[in-house]
Every structure is written in structure tokens, then in C-alpha cells.
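> Pasting the sequence and the predicted model now:
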Amino acid sequence: MLAMAIPADWVPARWNWAEPAALDLLKGTPVNCLLVKWDSEAAPAIATFANAASDRGIAALAIIQPAGDPADSTRRAIRAKVTGIVLEGDFQEVAVGRVRDAVADSEAVVIELTSRSKLKLGGSSPVVLATYQAFGPAFKSWRTGTLKPDPLDPRGSTPMPASCEPLQVILRRSHCRGAVDHCT
């Protein structure tokens with residue numbers, strides 16, 4: 001069993017398969033965090049997959065969407081031994097709170113994958129923020145409130161391949177490593 005990286009070191013990718021054999025496709029890649037769409041009917045297969053991923057040092061995160069009861073889906077996903085929960089979409093604050101309560105007794109991480117306008121750039125939590133939208137040529141620094149050039153802008157010095165899905169992760173506070181706001 002390989003040691004799993006901490007969230008600040010995750011290199012995420014969306015993953016469409018729950019078959020453990022598919023993990024062989026990741027050999028030789030930096031990807032160490034997989035986002036798998038949660039389906040309660042496929043819970044046994046996802047549990048087997050999450051266990052196999054963990055054995056390889058890969059985090060398996062369950063993507064939960066706003067439909068239905070996200071806290072119930074979270075509890076089921078945690079029982080399937082996923083590393084964490086990704087709330088994809090725009091959730092009501094009360095629903096996010098219920099999801100966080102559902103993982104309180106576990107080591108699971110909760111990541112809100114939302115639009116740029118919904119990112120919570122101030123405050124003390126969460127440690128990991130994510131958006132499904134790419135950043136533009138400038139963004140507002142959560143530290144200073146001023147506009148800064150976006151280092152992830154495809155027109156800048158760090159181009160993103162056109163084939164990349166616009167999944168951006170912002171890591172905050174002392175856990176940051178090369179994050180958008182260049183945290184120290």
C-alpha cells in the first residue's frame with residue numbers, strides 16, 4: 001500500500017470507471033486523485049474501486065450533485081470508503097453544512113466545486129476550493145482585494161492544453177503550493 005498524498009499535493013482528474021483494473025491507465029502519470037460520480041446503486045463497485053485506489057496511494061473522491069439529499073449521499077459514499085466528497089454545483093449553505101456534519105466523524109475531505117462567483121475566498125475554511133470555470137486574464141486577490149494577472153490564463157506564460165476540462169483548484173493558507181494567490 002502506497003502512502004496517500006495530502007490534499008495540497010493532489011493532482012485531480014475526473015474518472016468515468018469504477019473497475020479497479022482501469023487504475024493501470026494512471027501508471028507513469030502524476031494523477032493521484034480521482035473524481036468519481038457518486039451513484040448509490042453502484043456503491044459496492046465504488047467501494048471496491050476506492051479500496052484499490054487507496055492501495056495505490058490514489059485518493060478517490062465521490063462527486064455529489066445538488067439533486068436529492070446530498071447529506072444522505074455523503075453518508076453512503078463515506079460508508080463506501082471514499083477519501084472525500086466533491087460537491088459539484090451550486091448548493092444551499094444549509095445543505096453544505098449538513099454534508100460537513102455527515103463527514104465530521106471521518107477523515108473525509110469536502111471540496112466545493114462551484115462557479116467562480118460562488119468561491120468562498122475569505123474565512124478559515126475550507127482548505128481546498130475548486131471551480132469548474134477557467135480563470136480569465138485577471139482575478140481578485142482574496143488577500144489584498146486587488147486585481148492580479150491570472151497565472152492559469154491560457155494566453156499567459158502557463159498555457160493550459162485546449163483538451164483540459166476547466167477544473168481549477170485553489171489551495172489556501174499554509175497548505176498552498178504554487179496556488180493562484182501564491183500562498184506562503
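Arrived safely, thanks for sending. Keep in mind that this is a model prediction, so the values were computed, not measured.

> Could you use CA atoms for every contact and neighbour count after this?
Fine.

> Any regions of this structure where pLDDT drops low?
1-2, 116, 119, 121-129, 131, 133-184 (pLDDT under 70).

> Now do the helices in the chain.
Residue ranges of the helices in the chain, as given by DSSP state H, are 43-55, 70-79, 93-102.

> Okay, buried residues for the second one please.
Using 16 or more other Cα atoms under 10 Å as the test for burial, helix 70-79 gives 70-71, 73-74, 76-78.

> Mind putting the residues you listed into CSV with distance to Glu41?
Listed next are the buried residues of helix 70-79 as CSV, based on distance: Cα to Cα, whole Å:
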residue, distance to Glu41
Pro70, 15
Ala71, 16
Ser73, 11
Thr74, 14
Arg76, 10
Ala77, 11
Ile78, 14
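
> just the residues you listed now: which is nearest Leu35?
Ala77 (12.4 Å; Cα to Cα).

> now the helices of the chain as a markdown table including distance to Leu35?
Shown next, in a markdown table, are the helices of the chain (distance: least, Cα to Cα, whole Å):
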| stretch | distance to Leu35 |
| --- | --- |
| helix 43-55 | 11 |
| helix 70-79 | 12 |
| helix 93-102 | 17 |
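
> Select, out of these, the one closest to Pro7.
helix 43-55 (13.8 Å).

> CA atoms only: put that closest one into CSV for me.
Output in CSV follows, covering the C-alpha atoms of helix 43-55 (Å, rounded to 0.1, in the frame of the first residue of the first chain):
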residue,chain,number,x,y,z
ALA,A,43,-21.9,1.7,-4.1
PRO,A,44,-20.4,-1.8,-3.9
ALA,A,45,-18.4,-1.2,-7.1
ILE,A,46,-17.3,2.2,-6.0
ALA,A,47,-16.2,0.8,-2.6
THR,A,48,-14.1,-1.8,-4.3
PHE,A,49,-12.6,0.8,-6.6
ALA,A,50,-11.9,3.2,-3.7
ASN,A,51,-10.1,0.5,-1.8
ALA,A,52,-8.0,-0.4,-4.8
ALA,A,53,-7.2,3.2,-5.5
SER,A,54,-6.2,3.7,-1.8
ASP,A,55,-3.9,0.7,-2.1
